[in-house]
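>>> Could you look at this predicted model? Sequence included:
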Amino acid sequence: MKLESYWLIRPEFDIAPFAAELELCLAEALKTGVVPKLPVPTWAFLIWLNHSKQYLMHGTGDPSITMFEPRQSNDVGWFGSQKAVYAASDGIWAMFFAILNRPTVPMSISNSAVRLETIPEQDIYFFSVTDTAITQGAFHQGWVYILPQDGFEQEPSQVREGVKAQTHHWASLQAVKPLFRVAIEADDFPFLHQIRAHNDEILWQRVERNHDGFPWLED
C-alpha cells in the first residue's frame, strides 16, 4: 500500500535495552503517581506502556483530573459522537491532545492515528490545527493520563485499499479513574514541527460536502 505524503510514520526506537529500567519507572509511577526521570524519550515510554501493558491514554491540558466522566462529544463519525470517556491506544496521539492550548487559543483540529496491518505493521498519523492558532501559541505543556483498558471498546477497523486499518480510538461509557499521569512538554511531541495548518471555513465546507473525505486537504 502506497502511503499519501500527508501521513506521518512513527519514528523507530529500540526499547529493548531499556525494558528493565522502564519497569522500575512504571512501578514507581503506579506507587507514587510521579513518573521519575525516563531513560528514553517520553513518546517511546508511552508507546511501551501501550504495547507492553495495554494501557490506554488521554491527553489534556488539565493537571487535576482524578476521575474521567463520560461527556458528549461532537465528531464527524458515529464512534466519536458518543457520551463517553475517550482514550487512545497510542501514546503519540494522546500527546497531541496534551499539548493543545485549548481553550486559551481557539482552534479546530483534524487528526488521526491508525495501524495498518501490512507486513510489517505501520503506525501512521495526521495532525492539523487552525492556521491562526499556530501564531497565537497553539501548543503548551500538558498531561497524558494513563488509564486501564477495562471497560473500553475500540472503534471498529476499516479496510483501505485492501489493507485493514485499525484506529487507536477507544471509548468507555462509564467513568474511569486514571492510574497516573505524565507531564508533556510541547517539544516532547515528535511531530511538533510537522503539524499542519488549515483554514476553518474551508475545512468545514469540505467536511459538509464529504464526511468521508478525510483529511480534507486544501488545494
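Arrived safely, thanks for sending. Residues are numbered from 1 along each chain as shown.

>>> Am I right that Phe214 sits in a helix?
No - counting by DSSP: H, G, I helix; E, B strand; the rest coil, Phe214 is located in no helix; its state is coil.

>>> Show the pLDDT at it.
Here, the pLDDT recorded for Phe214 equals 88.

>>> Could you check how far it is from Ser52?
Taking CB to CB, to the nearest Å as the measure, Phe214 and Ser52 are separated by 30 Å. Every C-beta, even on glycine, is put in place using the N, C-alpha and C of the backbone.

>>> center of the protein - which residue?
Among the residues of the chain, the smallest C-alpha distance to the mean C-alpha position (CA atoms, centre = their mean) belongs to Trp93, namely 1.9 Å.

>>> so which helix or strand takes in that one?
Trp93 belongs to helix 91-99 when elements are defined using DSSP states H and E.

>>> packing partners for that helix?
Taking 3 or more CB pairs under 8 Å, 6 or more residues apart in numbering; DSSP states H and E as contact, the helices and strands that helix 91-99 lies on are helix 42-53, strand 56-60, strand 109-116, strand 122-130, strand 142-147, strand 180-184.

>>> Leu217 is in contact with Tyr6, isn't it?
Yes - under the criterion of CB atoms under 8 Å, Leu217 lies in contact with Tyr6, with a separation of 6.4 Å.

>>> For the lowest-mean-pLDDT helix or strand in the chain, which strands pair with it and how are they oriented?
Of all the helices and strands that make up the chain, strand 158-160 has the lowest average by mean pLDDT, DSSP states H and E, namely a mean of 81. Sheet pairing here is set by DSSP bridges, and for strand 158-160 it gives strand 163-167 (antiparallel).

>>> Contacts for the partner strand, please.
Outside strand 163-167, the residues within contact range by CB atoms under 8 Å, 6 or more residues apart in numbering are 1, 112-118, 154-155, 157-159.

>>> in the sheet, who's paired with the spatially closest residue to Leu3 that is not a sequence neighbour?
Of all residues beyond its chain neighbours, the one nearest Leu3 is Ile124 (6.6 Å), with distances taken as CB to CB, 6 or more residues apart in numbering. Residues in a beta bridge with Ile124, per DSSP bridges, are Ile9, Val114.

>>> check contacts around the residue nearest to the centre of the chain.
When contacts are counted by CB under 8 Å, 6+ apart, Trp93 is found next to Gly59, Asn111, Ala113, Tyr125, His168.

>>> which residues touch the third one?
Translated: Ala113. Taking CB under 8 Å, 6+ apart as the contact definition, Ala113 lies against Ala88, Asp90, Ile92, Trp93, Asp123, Ile124, Tyr125, Thr167, His168, His169.

>>> Show me which of those residues is closest to Val144.
Nearest to Val144 out of these is Ala88 (CB to CB; 9.0 Å).

>>> got the contact list for the residue nearest to Leu22 when sequence neighbours are not counted?
Among residues not flanking Leu22 along the chain, Trp48 sits closest, at 5.8 Å (CB to CB, 6+ apart). Residues in contact with Trp48, defined by CB under 8 Å, 6+ apart, are Ile15, Ala19, Leu22, Val40.
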